[in-house]
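Engineer: below are the sequence and a predicted model for it; my questions follow.
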Amino acid sequence: MKKTKFLIATAILGIATFVAIAADHIDAPAVQGGTSDITDFYAFQGEDTANIAFVANVQGLLGSGSDSQNAAFDENVLIEFNIDTNGDAVEDLVIQATPRDGKMYFFGPVAPSQTGLNSTIATTTPNQASVDITAYGEDAMIGNANGMKFFAGPRDDPFFMDFAQYGQIIGGNATSFNNPGTDTFAGTNVMSIVVEVPKSMIGGSGTINTWVESKRK
């Protein structure tokens with residue numbers, strides 16, 4: 001795959017030792033409702049405690065029918081997981097994911113050739129792999145390479161929010177959320193990219209800063 005430069009579209013910041021969650025559904029003005037719109041970012045310790053899992057979800061509020069069946073990753077969009085291992089808020093490592101012809105290609109963890117708004121796909125890193133993109137309704141197809149695991153495809157939106165009650169609270173008609181409340185996102189899907197990485201491939205002091213970006217070609 002040739003080297004391609006990408007320009008940043010949107011980003012979400014998280015800080016992770018064991019668990020970090022950030023969410024933002026369809027309200028980023030520059031990318032609202034588009035294929036580069038990030039809805040959620042998760043970073044957490046894997047079931048194998050020697051690993052860290054990173055999850056980026058894009059294209060929120062997909063319906064459970066034809067919306068999800070027809071949804072596809074945008075081949076002009078790069079998803080980049082950024083990892084700061086020394087606390088200076090600059091990425092020391094990146095994991096890049098880009099789709100092509102029904103597969104998601106992964107590169108990293110690897111030191112980026114440049115930091116900040118622009119990225120070049122790290123095609124020369126030995127840490128690279130691909131996985132078939134799972135179609136809607138199919139069992140998850142998991143890729144394995146270099147001790148890492150990979151997934152890409154539609155999944156049920158994991159974020160829970162009772163927007164109706166939130167509106168009541170903002171309007172001064174209620175003072176608290178219901179327990180458990182009504183999940184506004186029930187029955188909707190997202191396009192997920194998941195990579196599980198051995199901690200030994202990341203290094204650092206044990207605490208990392210991590211964020212995800214979508215970058216359009």
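Structural biologist: Yep, it's here.
Engineer: gap between the helix or strand where residue 144 lies and the chain center?
Structural biologist: In this assignment (DSSP states H and E), residue 144 forms part of strand 143-145. Averaged C-alpha coordinates place strand 143-145 at 18 Å from its chain's average position (C-alpha atoms, centre = their mean, to the nearest Å).
Engineer: please apply the same query to stretch 152-160.
Structural biologist: The mean C-alpha position of stretch 152-160 is separated from the chain mean by 11 Å, C-alpha atoms, centre = their mean.
Engineer: residues contacting it, please?
Structural biologist: By C-beta atoms under 8 Å, 6 or more residues apart in numbering, the list of residues contacting stretch 152-160 from outside reads 23, 25, 39-40, 42, 57, 60-62, 68, 71, 73, 97, 99, 104, 131, 133-136, 138, 140-141, 181, 183, 185, 188-194. Just so you know, the C-beta spots here come from the backbone N, C-alpha and C atoms, and that holds for glycine as well.
Engineer: give the residue spans of this structure that score low on pLDDT.
Structural biologist: Low-confidence segments of the chain, defined by pLDDT under 70, are located at 1-33, 204-205.
Engineer: so which bits of the lengthiest helix in it are buried?
Structural biologist: If you go by DSSP state H, the chain has its longest helix at helix 163-170. Of the residues in helix 163-170, those buried under the neighbour-count criterion (16 or more other C-beta atoms under 10 Å) are 165, 168.
Engineer: strands of this structure, start to end?
Structural biologist: Under the criterion DSSP state E, the chain contains strands at 5-16, 19-23, 38-45, 51-62, 77-84, 93-100, 103-110, 118-120, 128-132, 143-145, 148-156, 189-198, 208-216.
Engineer: the ones you listed: which one's closest to residue 162?
Structural biologist: Go through the strands of the chain one by one with C-beta to C-beta and the one that ends up closest to residue 162 is strand 19-23, at 13.8 Å.
Engineer: nearest to residue 173, of the strands of the chain?
Structural biologist: Nearest of the strands of the chain to residue 173, taken as C-beta to C-beta: strand 19-23 at 24.3 Å.
Engineer: I'd like the distance from stretch 65-83 to the chain centre, please.
Structural biologist: Distance of stretch 65-83 from the chain centroid (C-alpha atoms, centre = their mean) equals 10 Å.
Engineer: re earlier: pull the CA atoms of the longest helix of the chain into CSV?
Structural biologist: Extracted as CSV, the C-alpha positions of helix 163-170 are listed here (Å, rounded to 0.1, in the frame of the first residue of the first chain):
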residue,chain,number,x,y,z
PHE,A,163,-31.8,12.1,26.4
ALA,A,164,-35.5,12.6,27.3
GLN,A,165,-34.7,12.8,31.0
TYR,A,166,-31.7,14.9,30.3
GLY,A,167,-33.9,17.4,28.5
GLN,A,168,-36.2,17.4,31.5
ILE,A,169,-33.3,18.1,33.8
ILE,A,170,-32.0,20.9,31.6
